[in-house]
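Colleague: Got a predicted structure here, sequence first:
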Amino acid sequence: MASRIEDYGLIGNTRTAALVSRSGSIDWFCAPRFDSDACFSALIGYDEHGCWAIRPAVAIRESRQRYRGETMILETEFVCEGGAVRITDFMPIESSEDRSDLVRIIEGLEGQVPLEVLLDVRFGYGEDAPWITRTNEGLLFIAGPNALVLRGPGEPRPADGRVMSVITVRAGDRIPLQLSWYPSHEEPPPALDEPAALASTESFWSTYEGRWRDLVIRSLLTLKAMTYAPTGGIVAAPTTSLPEEIGGVRNWDYRYCWLRDASLTLDALMVGGYLDEARAFRDWLLRTVAGDPADLQIMYDIAGARRLTEFELPWLPGYEGSKPVRVGNAASGQFQLDVYGEALACLYSGRKMGLTGRSDSWEPYKQLINFLEKAWQRPDDGIWEVRGGRRHFTHSKVMAWVAVDRTVRTIEELGQGGDEGRAMLPHLAALRERIHAEVCDRGFNPRVNAFTQSYGSDALDASVLVIPHYGFLPARDPRMVGTVAAIEKGLMRDGFVLRYATEAGADGLPGSEGAFLACSFWLAENYAYAGRIDDAEKLFDRLIGLRNHLGLFSEEYEPKLRRQIGNFPQAFTHLAFISTAHVIEAVRQGGEGRAPLRGVLPEAIH
């Protein structure tokens, strides 16, 4: 059975990633891309669905797992009867579409320890057993279009469709193992120069300065590891179908790029000093939104492709029995107004923070805003991708306002669009005021004294907590004060924030979910903006306490079980963490220094 979600570490090569458990097993690995079929699927099944385990064959007294400095090189140590060993796991950055490598280095630290090495390759998400053969290149695993080659000392024994051996590791021993994916119609790729690959991987990862430095760096490194370097896209998570409720059906594929995350992603990359990655992401966004704005999707694959057909894998039992296991995401066909606001806020924020403009960037602005003028009054599916029917979601209307506001600011402050842009200004300014007035009139419910989930509804929704973040209203506006108080009373569970009350049936799905961590970070930011800085730091510290032993966050937290749940690690949570850390620091310093994240306007804290 798979480990607890929070007991995994992430390694990656900015093309794909793998999850390594504290017990020394790689239980999830897709190659050569994040969204490729998995070679190891034990995370959402059993060992028989694919894993690579290296574990002591004697009792373990103590185990430790950590990243090596500010890198994605993962070290797992076992102290056992008779000795101690260390396993170092990493993915060399010098991978390509024709190869993807996992390197595991076993080192003896003290005495001697017997280790069992189990390599059970199952291509096609655990369905396809490979043909195994030994050649001069190494041990080959081949099935259909996929192949792996294992290189390293020793003579592992193929048996029953897998490879298993027991080795004794003594103090001073160093045993490097390389597992390389390649297309089966090609020859196996050359063996890696393992010491050189380790050195170049260690020097690849970057740094950041500021309060909560170590924690922010780990989140930034995690985001960088979830970047698909060839295009600049960033996956929401490297996994699929880790459940929002253990044993439930809320299991989705997150190995895609959400426009919902756009402005937050760009801001975090810029704050972290990742200028090249920020520019690559901005350019991915411009390419993705090109074309007919009516066809804009809420998510795309890492190359910008649109078709994300959703289907189920019935042969997999799911994480702790959470079925179905899904690949693809049908929510890609939904209509969500908020993505227009996210896209235009991202482009505006990038220009404000120093990313040079592109000659073709005005045309997407114009097309998006012209479409939005007609579309903003339509009901949509909302930020949470509910499957319970379209509504006039308050958050969606706020983000439509953001889209118009950022376009106005881009023209006024940055001269975008030239004479054509300036000619549009009076009309756009009037449209901005019209949307603002409607949201304040119809999105705010006096009976509840709060902005609610949708027009005319009494239901609460934590998405409206972003209202001050984007400058729609200041945090100290009485309507926002009332909204925060209502959410504290109605959506808080054990001190953390739910997205909405699932029992109301708005999302059209059975079951429930845990506290959505990004929403809890949004509440902490609201506290900071409203001058409740001590409350902000108290909640922020509680949220920091939920990260796992390596500083990684999942999508949600289940207070009753005290477990992280949902896809892991989750970019949206790490982005919200970085944003909140930056906002609290800026407010503590009187709002001076670098511009706040997410395009936050100064009036948000007034």
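Modeller: Received the coordinates, thanks. Residues are numbered from 1 along each chain as shown.
Colleague: The top strand by length along the chain packs against which elements?
Modeller: Assignment by DSSP state E gives strand 100-120 as the longest strand of the chain. Secondary structure elements in contact with strand 100-120, counted by 3 or more CB pairs under 8 Å, 6 or more residues apart in numbering; DSSP states H and E, are strand 51-56, strand 74-80, strand 83-90, strand 162-170, strand 174-183, helix 194-204. Quick note: C-beta positions are derived from backbone N, CA and C, even for glycine.
Colleague: per-residue confidence averaged over it?
Modeller: Averaged across strand 100-120, the pLDDT comes to 97.
Colleague: who's in contact with the next helix or strand after that strand?
Modeller: Counting by DSSP states H and E, the next helix or strand C-terminal to strand 100-120 is helix 123-126. Under the contact criterion CB atoms under 8 Å, 6 or more residues apart in numbering, helix 123-126 has outside partners 37-39, 41-42, 45, 48-50, 130, 143-144, 146, 313, 315-316, 325, 327.
Colleague: Now the buried members of those residues.
Modeller: Neighbour counting by 16 or more other CB atoms under 10 Å classes 37-39, 41-42, 45, 49-50, 130, 143, 146, 313, 316, 325, 327 among the contacts of helix 123-126 as buried.
Colleague: Out of the residues you listed, which comes closest to residue 293?
Modeller: residue 327 (28.4 Å; CB to CB).
Colleague: Please verify my assumption that that closest one contacts residue 253.
Modeller: Yes - Residue 327 is in contact with residue 253 according to CB atoms under 8 Å; the separation is 5.5 Å.
Colleague: shared neighbours, these two?
Modeller: 240, 310.
Colleague: Can you get me a residue count around the residue lying closest to residue 295 once chain neighbours are set aside?
Modeller: Excluding its sequence neighbours, the residue lying closest to residue 295 (CB to CB, 6 or more residues apart in numbering) is residue 306, at 7.9 Å. Residue crowding around residue 306 was assessed by other CB atoms under 10 Å; the count is 14.
Colleague: Residue 306 against residue 296, yeah?
Modeller: No - contact criterion CB under 8 Å: residue 306 and residue 296 do not qualify, at 9.9 Å.
Colleague: Check what pLDDT the residue nearest to residue 295 gets.
Modeller: Taking residue 306 on its own, its pLDDT is 90.
Colleague: Quick check: it vs residue 231, distance?
Modeller: Using CB to CB, to the nearest Å, we find residue 306 at a distance of 14 Å from residue 231.
Colleague: now residue 86
Modeller: Distance from residue 86 to residue 231, by CB to CB: 35 Å.
Colleague: Ok, residue 532 next?
Modeller: Taking CB to CB, one finds residue 532 at 41 Å from residue 231.
Colleague: so residue 147 touches residue 183, yeah?
Modeller: Yes - proximity of residue 147 to residue 183 meets the contact threshold set by CB under 8 Å, at 6.9 Å.
Colleague: And the two? Which one has more around it.
Modeller: residue 147 (24 against 14).
Colleague: what secondary structure does the more buried one sit in?
Modeller: strand (DSSP: H, G, I helix; E, B strand; the rest coil).
Colleague: which ones are touching it?
Modeller: So residue 147 contacts 130, 140, 141, 181, 182, 183, 184, 186, 188 (CB under 8 Å, 6+ apart).
Colleague: same question, residue 525
Modeller: 465, 468, 469, 536, 579, 580, 583, 584 are the contacts of residue 525 under CB under 8 Å, 6+ apart.
Colleague: Of these, which is the nearest to residue 517?
Modeller: Among the contacts of residue 525, and counting by CB to CB, the member closest to residue 517 is residue 580, at 10.5 Å.
Colleague: okay, now residue 323: neighbour count?
Modeller: 19.
Colleague: Correction: the previous question concerned residue 561.
Modeller: Residues near residue 561, counting by other CB under 10 Å: 11.
Colleague: what does residue 390 give?
Modeller: Residue 390 has 16 neighbours, counted by other CB under 10 Å.
Colleague: I'd assumed residue 335 was in contact with it.
Modeller: Yes - using CB under 8 Å, residue 390 is in contact with residue 335, at 7.2 Å.
Colleague: Common neighbours of these two, please.
Modeller: With CB under 8 Å, 6+ apart as the test, residue 390 and residue 335 both reach 378, 380, 381.
Colleague: Which one (most neighbours) among those residues?
Modeller: Neighbour max across the shared contacts of residue 390 and residue 335 (other CB under 10 Å) = residue 380, 24 neighbours.
Colleague: For the stretch 501-606 of the chain, just list every one of the strands.
Modeller: 515-516, 556-558, 563-565 (DSSP state E, counting those that start in this stretch).
Colleague: Provide the strand pairings for the second one, with the direction of each partner.
Modeller: Paired strands of strand 556-558, with direction, are strand 515-516 (antiparallel), strand 563-565 (antiparallel) (DSSP bridges).
Colleague: Relative to the whole chain's centre, how far out is that strand?
Modeller: 15 Å (CA atoms, centre = their mean, to the nearest Å).
Colleague: what's the answer for stretch 411-419, then?
Modeller: The answer for stretch 411-419 is 33 Å, by CA atoms, centre = their mean.
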